[in-house]
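**Q** need a structure here:
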Amino acid sequence: KLSLSNPTKIILGEDRFGFLKQQKETLSSVLDELKNLTLQRRTSFTVKYYHGLSGLRQMTWNQLSAKEEILQFAHQTRNEVVGKRFAEKIREEQVKRKIKLYEIENALDQGDYWYTIVKEFPRYYDSRHISPDVLDIRQNLSIFSDTVSLMNWRDENQSGVEIVNASFSKMQSEIFWRFW
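**A** Sure, this is the predicted structure:
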């Protein structure tokens, strides 16, 4: 048995089809834009400058944006760089976020955590000694996410630079792991 449909229902059906087609096209263009943003993030090169103790503290806090780990060539502990109280806040947050800190340093105190009271910190910290004859570390250089940061606090010049660039960060990570 055949019957005729109401013409307004057919028009509504076409409108729905047109609406769905428009939604699909919109989604497609949004996805293209997201791909472009990802590409821009990988190829962009941003430099940020910081000054004074507050700048060094901000840079240290920024390291907590790391997804899983922070790689660091360290000259001194965070206590000497940003003060013990602030350094302890950073360590607590690092443990809370489960971010592992790998550190290469000239100091010979690996495994001795005299400078912190954060009990869980040793689970999220691993350090190795490197002789100053091989690499004389005089500033802290940190690598995390797509960022490389360099801090100086010697000679009354507290300043730092963060370079945000995925390929530069990747290269610095590779250098770090070669020394590790």
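**Q** hey, what's M151 bridged with?
**A** When bridges are called by DSSP bridges, M151 pairs up with N140, G160.
**Q** hang on, I meant K100
**A** Beta-bridge pairing for K100 (DSSP bridges): E69.
**Q** which parts of this structure are helices?
**A** 7-43, 52-62, 78-82, 84-96, 166-179 (DSSP state H).
**Q** of the ones you listed, flag the one that's most buried.
**A** Burial of these is given as mean neighbour count (mean count of other Cβ atoms under 10 Å); helix 78-82 ranks first at a mean of 20. For glycine as for every other residue, the C-beta is placed from the backbone atoms N, C-alpha and C.
**Q** for S159, find the nearest of the helices of the chain.
**A** If you check each of the helices of the chain against S159 by Cβ to Cβ, helix 52-62 wins as the nearest, at 6.7 Å.
**Q** give me the nearest residue to K98, chain neighbours excluded.
**A** Y124 (6.8 Å; Cβ to Cβ, 6 or more residues apart in numbering).
**Q** circling back to that earlier point, can you redo the helices of the chain as a markdown table with mean pLDDT and distance to I70?
**A** As requested, these are arranged in a markdown table below (pLDDT from 0 to 100; distance: least, Cβ to Cβ, whole Å):
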| stretch | mean pLDDT | distance to I70 |
| --- | --- | --- |
| helix 7-43 | 66 | 20 |
| helix 52-62 | 94 | 10 |
| helix 78-82 | 83 | 11 |
| helix 84-96 | 91 | 8 |
| helix 166-179 | 95 | 10 |
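**Q** S131: which of those is closest?
**A** Of all those, helix 166-179 comes closest under Cβ to Cβ, at 11.0 Å.
**Q** which strands and helices lie in contact with that closest one?
**A** helix 7-43, strand 69-74, strand 100-105, strand 140-144, strand 147-152 (3 or more Cβ pairs under 8 Å, 6 or more residues apart in numbering; DSSP states H and E).
**Q** surely N165 meets I143?
**A** No - if you go by Cβ atoms under 8 Å, N165 and I143 don't touch, sitting 11.4 Å apart.
**Q** which of the two has more neighbours?
**A** Under the neighbour definition other Cβ atoms under 10 Å, N165 and I143 were set side by side, and I143 has more, 26 against 19.
**Q** please work out which residues outside stretch 75-87 touch it.
**A** Residues from elsewhere that reach stretch 75-87 (Cβ atoms under 8 Å, 6 or more residues apart in numbering): 53, 56-57, 60, 90-91, 105-106, 115-116, 137-140, 151, 153.
**Q** I meant to write stretch 163-178 there.
**A** 41-48, 71, 73, 102, 104, 141, 143-149.
**Q** and stretch 55-65, by the same measure?
**A** Applying Cβ under 8 Å, 6+ apart, the contact partners of stretch 55-65 are 49-50, 70, 78, 81-82, 86-87, 90, 93-94, 97, 99, 142, 144-145, 147, 149, 151, 153, 158-160, 162.
**Q** alright, calling it a day.
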